[in-house]
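Colleague: I would like to see how this sequence folds:
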Amino acid sequence: MKPRTLWPVLAAALLLGACTSLPVELGSRSSQTLPPKNASVREIQAQACGWRLLIIGHGIRNHAAHAYQDLLAQAQGDYIAEVQVEQSWTNAIVYRQWCTRLKAKAYHAAR
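Modeller: A predicted model of the protein is given here:
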């Protein structure tokens, strides 16, 4: 490949790679004991955001993981189900913010 054609390919690869985020597995694990049918249930929710100012960013790739960790902390070991994911973003001229909000039901786990 000629050097002149290599630069656009490299630039495209860097730009596409910058737009990826880390995967998050939602909900309780199958190894966790299922709650009984009459278990008490409560609503929990968490939100985390990432931002970028020009080329400087923070939390862009892992804001969903941070929101899920907060959701797990709120569940306090209870069974998490019915997870809803809401994503939003805000754009300004040189600023962009991405937010992930998770809503779920926490069923009191049998212990």
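
Colleague: Next up, the contacts around residue 47.
Modeller: Taking Cβ atoms under 8 Å, 6 or more residues apart in numbering, we find residue 47 in contact with 67, 70, 99, 100, 101, 102. Where you see a C-beta, it was placed from the backbone N, CA and C, and this is true even at glycine.

Colleague: just residue 44 next, same as before
Modeller: Contacts of residue 44 by Cβ under 8 Å, 6+ apart are 71, 74, 75, 80, 103, 104, 105, 106.

Colleague: Between all of those residues, which two are at the greatest distance?
Modeller: By the measure Cβ to Cβ, 75 and 103 form the most distant pair in the contacts of residue 44, at 12.3 Å.

Colleague: With neighbour numbers in mind, choose between the two.
Modeller: Counted by other Cβ atoms under 10 Å, residue 75 and residue 103 do not tie: residue 75 has more neighbours, with 20 against 15.

Colleague: Against residue 71, how distant is the nearest residue to the more buried one once chain neighbours are set aside?
Modeller: Closest residue to residue 75 apart from its sequence neighbours, by Cβ to Cβ, 6 or more residues apart in numbering: residue 106 at 4.5 Å. Remark: distance between residue 106 and residue 71 (Cβ to Cβ, to the nearest Å) = 9 Å.

Colleague: okay, and the common contacts of the two?
Modeller: 44, 80.

Colleague: which SS state does residue 74 fall under?
Modeller: Here residue 74 is recorded as helix under DSSP: H, G, I helix; E, B strand; the rest coil.

Colleague: Quick check: closest non-adjacent residue to it.
Modeller: Excluding its sequence neighbours, the residue lying closest to residue 74 (Cβ to Cβ, 6+ apart) is residue 44, at 4.4 Å.

Colleague: Quick check on the one you found: phi, psi?
Modeller: Dihedral angles of residue 44 (phi, psi; degrees, to the nearest 10) stand at phi -130, psi 150.

Colleague: what pairs with it across the strands?
Modeller: Beta-bridge partners recorded for residue 44 (DSSP bridges): residue 104.
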